[in-house]
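**Q** just the structure for this:
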Amino acid sequence: MAKIVIALGGNALGNTPAEQLALVTGTAKPIVDLIEAGNQVIIAHGNGPQVGMINLGMSTAAAAGAIKADMPFPECGAMSQGYIGYHLQNAINNELTARGLDKPVGTLVTQVLVDEADPAFQKPSKPVGAFYTKEEADKIAAEKGYTMVEDAGRGWRQVVASPKPVDVVEKKMVNTLVDAGYVVITVGGGGIPVVRREGRLVGVPAVIDKDFASAKLAQLVGADKLVILTAVDRVAINWGKPDQKNLEMMTIAQAEQYCAEGQFAPGSMLPKVQAAMSFATTGGEAIIASLEKAAAALKGESGTRVVR
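**A** Predicted coordinates for the structure are as follows:
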């Protein structure tokens, strides 16, 4: 039996509640495969599209007078944790029940400590929300004051600060629940970012990358493995070129070299590789794999292992 932190990629979730509810039914199956095999499973997930749309919807409603005040960004993150967590625990519960497995599943609203001096606050870089045309993005930027950037040729999106995680506030609670037999969904969207001011925790407007948060959580709870799930079976160098090479394993030194060469796209594969490196540095095993082949990746039959 292994303690595994799973970081779910955007392909495991949806851009609307209806789409997501349908997608997580499929997402639950490979997760329950790991649970059925006897592993202790902790699940993390992103929230980029969801938190951005909640934030924009709330600010639009406030501007129209439909609600009394705009919703602060940390609260939008907490809302996204609740509704994504509900969808995941519902789907996982249903899959467990269908297999005759009695295993409790719960979502933990989770705060993640960041450093207020993190330079990321001076340079917003994390895409959130829906994709827009250039004209739509310019209009939103003018009306809302948001920073909008072009995102990997797919359209324009809002960007917010993305500080690195320092600590997971509820880490002891995560371990207590796991030790009691629970499947825990936590650090949703990378966690609600908080800073410490005069001994108090205060929420700040940002989105922590869920892969970095998952790596930090895996380290803090003593996980054996970090499994970062995405849309491809393996990490590749020379992606999309005739000499593309899919990697079964990378050492940290090799990964550092590939990162320096610009082999991995920022905001896509790069943070996954960097998060895997950070966990592997602590002596754990990090795997980047597709959702569908998660179980095979744990057996060494798929995915890319990142090791010291």
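**Q** Ile42: helix or strand, and which one exactly?
**A** Element membership for Ile42 (DSSP states H and E) is strand 40-45.
**Q** the following helix or strand past that strand packs against which elements?
**A** Sequence order places helix 48-63 as the next helix or strand after strand 40-45, per DSSP H and E. The helices and strands touching helix 48-63, judged by 3 or more Cβ pairs under 8 Å, 6 or more residues apart in numbering; DSSP states H and E, are helix 73-98, strand 126-132, helix 134-144, strand 156-160. Yep, even glycine has a C-beta here, placed from its N, CA and C like the rest.
**Q** just those: most buried one?
**A** Highest mean neighbour count of the helices and strands packed on helix 48-63: strand 156-160, a mean of 23 (counted as mean count of other Cβ atoms under 10 Å).
**Q** how far does the helix or strand that comes right after that strand sit from its chain's centre?
**A** Using DSSP H and E, the helix or strand that follows strand 156-160 towards the C-terminus is strand 165-168. Chain-centre distance of strand 165-168: 14 Å, with Cα atoms, centre = their mean, to the nearest Å.
**Q** which of the helices and strands packed on helix 48-63 has the lowest average pLDDT?
**A** The weakest mean pLDDT among the helices and strands packed on helix 48-63 belongs to strand 126-132, with a mean of 81.
**Q** tell me the strands beside that one, with direction?
**A** In the sheet, strand 126-132 lines up against strand 156-160 (antiparallel) (DSSP bridges).
**Q** and for the strand it pairs with, what's in contact with it?
**A** Identification of contacts with strand 156-160 by Cβ atoms under 8 Å, 6 or more residues apart in numbering yields 52, 55-56, 73, 124-134, 136-137, 140, 146-151, 205-207.
**Q** sorry, back to before: what packs against the strand holding Ile42?
**A** Packing contacts for strand 40-45, counted by 3+ Cβ pairs under 8 Å, 6+ apart, involve strand 3-8, helix 17-36, helix 73-98, helix 171-179, strand 183-185, helix 210-220.
**Q** ok, residues contacting whatever helix or strand comes next after the fifth one?
**A** Stepping forward along the backbone from strand 183-185, the first helix or strand reached (DSSP H and E) is strand 192-197. Under the criterion Cβ under 8 Å, 6+ apart, residues 74, 77-78, 81, 109-116, 163, 169, 201-204, 206-208 lie in contact with strand 192-197.
**Q** and the helices and strands packed on helix 48-63: which comes nearest Ala253?
**A** Nearest to Ala253, of all those, is strand 126-132, at 27.8 Å by Cβ to Cβ.
**Q** what's the PyMOL line that selects buried ones from the contacts of strand 192-197?
**A** Burial among those is assessed by 16 or more other Cβ atoms under 10 Å; the matching PyMOL selection reads:
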select buried, resi 74+77+78+81+110+111+112+113+114+163+203+204+206+207+208
